[in-house]
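Enquirer: Fold the following for me, if possible:
(one chain, ligands or ions: 1)
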Amino acid sequence: MPSDRAEPGFDDYVDQLNAHYDAATASEGEALLARLQVAFRAAGRDLDRLSLDDVAGIDQLHLGGRSASRALATLGELCAGERVLDVGCGTGGASRLLAAEFGCDVVGVDITPAFIEVASWLSVSTGLAERTRFLCADAANVPLSEGSVDVVWCQHALMNMPHVPRVLAEWQRLLAPRGRVLLHELVAGENTEPLALPVPWARSQATSHLRSREQLERAMALAGFEPLAVEDITDMALAWRQEHSRRESRPAETGQKAVAPPGPTSIFGSDFVLMGRNLRDNLAAGKVRVLSGVWRSARR
Ligand SMILES: C[S@@+](CC[C@H](N)C(=O)[O-])C[C@H]1O[C@@H](n2cnc3c(N)ncnc32)[C@H](O)[C@@H]1O
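Expert: Below you'll find the model as predicted:
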């Protein structure tokens, strides 16, 4: 992975993120990909023919799942054939959705090697490897050439990045003139009390890099991006999280025979239920808000 070794603390930053997102591998002692394959087999799935429904439990690591990605793609008027860079792509769910439903050609980039391995495998298994490919790199140092993408797409990843101005400068380099940025991001709310932790993106305050909507909008403007449409979708996200926390807390039904395909606990470990409840409570308390928006590069 290209890394910015000149930046003090960069290696620690990467190690902390990798330890956070691949935590269950340390406790389970087996790589994420291998564990997911075992879980899909146990659920009776053919590993060479997974559907997008089969994998939705492990490839939508953001509030609102596939509906939120579809809404953002529609807001941003994504067109067939557009070249999209999915920044902080995780296990690649949005990349596959944009390829399958919107006809885009997508490159996903993520700093967590285990996610890139899983993303690549899931694209092969779901038959989408020709329209999606994945690279392990920092969002501020992406190994693609200047002006090679039409759209930068980013869902729930900026809150992991302390170096947002450098990341936005990299997006300007990568985007074609008048290219678009489509963001579905978490921002700090008006309630500045400490977050309930852990949350799905951090186990400590020091590794959470939430900024307010105003700070994010200022950073976008300074980096040369003009807003086209920005919506606060916190109420919708909270309702979705409340429903999911209710389901996650329900005890498994006795006598249930069918084994379900793997879900987020395969990635985050058993902490995930607590992370989800804390996110729900942070949203309800106004400590976290959710934005969905489209910006255009001012560069001609
Ligand atoms: C909450 S997950 C969201 C994943 C995906 N966007 C989704 O919505 O399913 C955040 C992702 O951002 C990635 N990430 C965080 N900091 C990054 C960085 N500096 N460069 C690249 N990826 C990063 C993490 O590895 C993780 O996969």
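
Enquirer: tell me which strands and helices the longest strand seen in the chain is in contact with?
Expert: As assigned by DSSP state E, the longest strand anywhere in the chain is strand 175-188. Contacts defined by 3 or more C-beta pairs under 8 Å, 6 or more residues apart in numbering; DSSP states H and E place strand 175-188 against helix 65-75, strand 149-155, helix 213-222, strand 288-297. All C-beta atoms are positioned from the backbone trio N, CA, C, and that covers glycine.

Enquirer: residues from the stretch 101-250 of the chain in reach of the ligand?
Expert: 109-112, 115, 138-139, 155-157, 160-161, 200-201 (C-beta under 6 Å from any ligand atom).

Enquirer: For Thr117, give me its contacts.
Expert: Rather than Thr, residue 117 is Glu. Counting by C-beta atoms under 8 Å, 6 or more residues apart in numbering, Glu117 touches Ala31, Leu32, Leu33.

Enquirer: Can you tell me the closest non-neighbouring residue to Leu17?
Expert: Leaving out its chain neighbours, the residue that sits closest to Leu17 by C-beta to C-beta, 6 or more residues apart in numbering is Ile111, at 5.7 Å.

Enquirer: Which of the contacts of Glu117 sits closest to His20?
Expert: Minimum distance to His20 across those is 13.0 Å, recorded for Leu32 (C-beta to C-beta).

Enquirer: pretty sure that closest one contacts Asp22?
Expert: Yes - if you go by C-beta atoms under 8 Å, Leu32 and Asp22 touch, sitting 6.1 Å apart.

Enquirer: and Ala43, what does it touch?
Expert: By C-beta under 8 Å, 6+ apart, the contact list for Ala43 reads Asp54, Ala258, Val259, Ala260, Pro261, Pro262.

Enquirer: So how do I select the buried members of these in ChimeraX?
Expert: Here is the ChimeraX command that selects only those of the contacts of Ala43 that count as buried (16 or more other C-beta atoms under 10 Å):
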select :54,261,262
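
Enquirer: between the contacts of Ala43, which is closest to the ligand?
Expert: Nearest to the ligand among those is Pro262, at 14.5 Å by C-beta to the nearest ligand atom.

Enquirer: Now for that closest one: which residues touch it?
Expert: Residues counted as contacts of Pro262 (C-beta under 8 Å, 6+ apart) are Arg35, Leu36, Ala39, Phe40, Ala43, Gly57, Ile58.

Enquirer: Out of those, the closest to the ligand would be?
Expert: Ile58 (9.3 Å).

Enquirer: burial count for that closest one?
Expert: Neighbour count for Ile58, taken as other C-beta atoms under 10 Å: 23.

Enquirer: any idea which element it lies in?
Expert: helix 52-59 (DSSP states H and E).

Enquirer: now Asp138
Expert: Counting by DSSP H and E, Asp138 is part of no helix or strand.

Enquirer: Count the neighbours of the closest residue to Arg173 other than its chain neighbours for me.
Expert: Excluding its sequence neighbours, the residue lying closest to Arg173 (C-beta to C-beta, 6+ apart) is Glu146, at 5.4 Å. The number of residues packed near Glu146 is 10, by other C-beta under 10 Å.

Enquirer: Next, give phi and psi for Glu146.
Expert: The phi/psi pair for Glu146 (degrees, to the nearest 10) reads phi -60, psi 140.

Enquirer: For the closest residue to Val164 other than its chain neighbours, give me its contacts.
Expert: Distance criterion C-beta to C-beta, 6+ apart; nearest residue to Val164, sequence neighbours excluded, is Ala219 at 5.5 Å. Applying C-beta under 8 Å, 6+ apart to Ala219 gives the contacts Val164, Pro165, Leu168, Arg211.

Enquirer: let's see it at 7 Å
Expert: Val164, Pro165, Leu168 (C-beta atoms under 7 Å, 6 or more residues apart in numbering).

Enquirer: Most neighbours of all the contacts of Glu117, which one?
Expert: Leu32 leads these on contacts (other C-beta under 10 Å) with 22 neighbours.

Enquirer: For that residue, list the residues it contacts.
Expert: The contact partners of Leu32, taken as C-beta under 7 Å, 6+ apart, are Asp22, Thr25, Ala114, Val118, Ile267.

Enquirer: Turn the residues you listed into TSV, columns for pLDDT, distance to Arg250 and secondary structure.
Expert: Converted to TSV, the contacts of Leu32 look like this (pLDDT from 0 to 100; distance: C-beta to C-beta, whole Å; DSSP: H, G, I helix; E, B strand; the rest coil):
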residue	pLDDT	distance to Arg250	secondary structure
Asp22	92	27	coil
Thr25	87	27	helix
Ala114	97	29	helix
Val118	98	27	helix
Ile267	93	20	helix
